[in-house]
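Student: here are the coordinates; sequence isn't available:
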Ligand code: PLP
């Protein structure tokens, strides 16, 4: 941290931040030599940790050959190879990839291609979108309108809101009734989509979007068994396209390359980013089903959308190596194994903690929901700003975790998201638990005073 005020438009301009200068596996090192264990992969990005030798090698080699060839003029080998890999391993029906630079661009692309699809097949009136409350699909205006994170939307009203509608999330810890099984709850939650489609008029709805495992807005909330299957059935019944936002939960984070594999459900459009390039390059993508490609091929012939950096050569080569490392080093297996160990270790340390309401997740995508009272699930007073205090105290301890405050039924719920690199071992798990314990002990003691 230098003494002069920063000219960068930082997220919190008045909050001093350490200056990161180097990466070393699961750690980031600052200008003073302090090491931070990256237990959140930044914002669930750095799935291979930092300064990975194989990724660095590819990047050097690719820069020496060609960094960028504009996709309006050329295709490149890294671009084609990456598209083949993503499609060869994708859920059924996804046939082509549209590359972008990040998650919001992927969601914007999904919204636009869904709209264009219905124009191509003569159903121009299908313009409405449905998503879920407490969801985040990006910060550009289209993606923000689609999302259900009301705090982020407030400043920018009116958004494109007449076209975006919201139903309840699938959030068992908060919404499952005591006399319901998980499956019964999943059906009830999914059936809200059918009710909303009928309310809006089935022939006016273009698409429904959701994260198979909700990330930052609710602190890692996986769909209960059967929920996504029922969602798929409802979409098929009413001719509505299904968009999965796997920007955070995809690319191996849950122990499967695509999170929806575990649910056995394939979407019409699948958005990925973050772990695709593991932070070594900004890259995102939208995978598109064959029927949408066919309608466009046989209609106007092109998707009327694009960005300068789509299919960026260096980003494609980098992402391909990231994916090869995940495959060749069997890292999905490590994600499943270490994920179970991490959840078990958290459960052992915090399972009976008065302020820990729920510990949940899939693979190395783990959420801890904090409550003022475990028995009543009462949320903390938002004025305490607990999530910021946890982030700062954890950084002091040398731990990057990702605390957030989502709106729970109109109140401010606090959670901590953990998304460590896929290469972590047992010593890192022990270090996460220790540092988190010290952080929570200190911050919660202060909150009581
Ligand atoms: N969708 C989800 C589920 C996300 O978590 C995010 C970012 O956190 C986005 C979309 C937006 O991605 P980006 O920040 O790369 O634009």
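Tutor: Cool, the structure landed. Since this is a predicted model, take the numbers as computed values, not measurements. Numbers count the residues shown, from 1 in each chain.

Student: Pick out the residue of the stretch 101-250 of the chain closest to the ligand.
Tutor: Using Cβ to the nearest ligand atom, residue 103 is the residue of the stretch 101-250 of the chain that sits closest to the ligand, at 2.1 Å. All C-beta spots, glycine's among them, are computed from the backbone N, C-alpha and C.

Student: distance of that residue from residue 254?
Tutor: The span separating residue 103 from residue 254 equals 16 Å under the rule Cβ to Cβ, to the nearest Å.

Student: With residue 217 instead?
Tutor: 17 Å.

Student: One more: residue 272?
Tutor: Using Cβ to Cβ, one gets 13 Å for the distance from residue 272 to residue 254.

Student: got any residues that touch both of those two?
Tutor: Common contact partners of residue 272 and residue 254 (Cβ atoms under 8 Å, 6 or more residues apart in numbering): none.

Student: Just give me the neighbour total for the nearest residue to residue 329 once chain neighbours are set aside.
Tutor: If the residues on either side of it in the chain are set aside, residue 329 comes closest to residue 423, at 7.9 Å by Cβ to Cβ, 6 or more residues apart in numbering. Residues near residue 423, counting by other Cβ atoms under 10 Å, number 19.

Student: And what about residue 423, helix, strand or coil?
Tutor: coil (DSSP: H, G, I helix; E, B strand; the rest coil).

Student: and what of residue 367?
Tutor: Taking three-state DSSP, the label given to residue 367 is strand.

Student: Helix or strand for residue 97, just tell me which one.
Tutor: Assignment of secondary structure by DSSP states H and E places residue 97 within strand 94-100.

Student: Starting from that strand, tell me which strands it pairs with and how they run.
Tutor: According to DSSP bridges, strand 94-100 forms sheet pairs with strand 284-289 (antiparallel).

Student: quick one: contacts of the partner strand?
Tutor: With Cβ under 8 Å, 6+ apart, strand 284-289 has contacts from 86-87, 90, 93-103, 105-106, 109-110, 113, 247, 267-274, 276.

Student: Which neighbouring elements make contact with whatever helix or strand comes next after the strand holding residue 97?
Tutor: Per DSSP H and E, the first helix or strand lying C-terminal to strand 94-100 is helix 103-120. Here helix 103-120 touches strand 94-100, helix 141-146, strand 205-210, strand 241-245, strand 269-272, strand 284-289, helix 290-298, going by 3 or more Cβ pairs under 8 Å, 6 or more residues apart in numbering; DSSP states H and E.

Student: do that again at 6 Å, thanks
Tutor: In terms of contacts (3 or more Cβ pairs under 6 Å, 6 or more residues apart in numbering; DSSP states H and E), helix 103-120 is packed against strand 94-100, helix 141-146, strand 205-210, strand 269-272, strand 284-289, helix 290-298.

Student: Do the helix or strand that it is followed by and the ligand come into contact?
Tutor: Scanning the chain past helix 103-120 towards its C-terminal end, the next helix or strand to appear is strand 128-132 (assignment: DSSP H and E). No - counting by Cβ under 6 Å from any ligand atom, the ligand is not contacted by strand 128-132; separation bottoms out at 10.7 Å.

Student: and the end-to-end length of stretch 81-99?
Tutor: Taking Cα to Cα, to the nearest Å, stretch 81-99 runs 13 Å from one end to the other.

Student: can you pull the buried residues of it?
Tutor: In terms of neighbour count (16 or more other Cβ atoms under 10 Å), stretch 81-99 has its buried residues at 81-83, 85-86, 90-91, 94, 96-99.

Student: likewise stretch 435-443?
Tutor: Applying a neighbour-count criterion of 16+ other Cβ under 10 Å, one finds 435-436, 439-440, 442-443 buried in stretch 435-443.

Student: neighbouring contacts of that stretch?
Tutor: Contacts of stretch 435-443 from elsewhere in the structure, counted by Cβ atoms under 6 Å, 6 or more residues apart in numbering, are 349, 389-390, 393-394, 397, 399.

Student: which of the buried residues of stretch 435-443 lies closest to residue 49?
Tutor: Nearest to residue 49 among the buried residues of stretch 435-443 is residue 435, at 17.0 Å by Cβ to Cβ.

Student: How many neighbouring residues does residue 341 have?
Tutor: The burial count for residue 341: 16, using other Cβ under 10 Å.

Student: does it count as helix, strand or coil?
Tutor: helix.

Student: In contact with it, which residues?
Tutor: Going by Cβ under 6 Å, 6+ apart, residue 341 touches residue 429.

Student: What score does it have for pLDDT?
Tutor: In the prediction, the pLDDT value recorded for residue 341 is 98.

Student: quick one: it from residue 22, how far?
Tutor: Applying Cβ to Cβ to residue 341 and residue 22 gives a distance of 28 Å.

Student: which bits of the stretch 101-250 of the chain sit near the ligand?
Tutor: Counting by Cβ under 6 Å from any ligand atom, the stretch 101-250 of the chain comes close to the ligand at 102-104, 107, 136-138, 211, 215-216, 245, 247-248.

Student: among the residues you listed, which two are most distant?
Tutor: Within these, two members stand farthest from each other by Cβ to Cβ: 102 and 211, at 15.7 Å.

Student: Compare neighbour counts for those two and give me the winner.
Tutor: Under the criterion of other Cβ under 10 Å, the comparison of residue 102 against residue 211 puts residue 211 first, with 31 against 20.

Student: backbone phi and psi for that one, please?
Tutor: phi -90, psi 130 (degrees, to the nearest 10).

Student: can you pull the contacts of the closest residue to it other than its chain neighbours?
Tutor: Computed as Cβ to Cβ, 6+ apart, the closest residue to residue 211 that is not its neighbour in sequence is residue 245, at 4.7 Å. Residues in contact with residue 245, defined by Cβ under 6 Å, 6+ apart, are 137, 209, 211, 271.

Student: does residue 245 have beta-bridge partners, and which?
Tutor: For residue 245, the beta-bridge assignment (DSSP bridges) gives partners residue 271.

Student: ok so, going back, whether the strand holding residue 97 contacts the ligand - can you check?
Tutor: No - residues of strand 94-100 contacting the ligand under Cβ under 6 Å from any ligand atom: none, with a closest distance of 9.2 Å.
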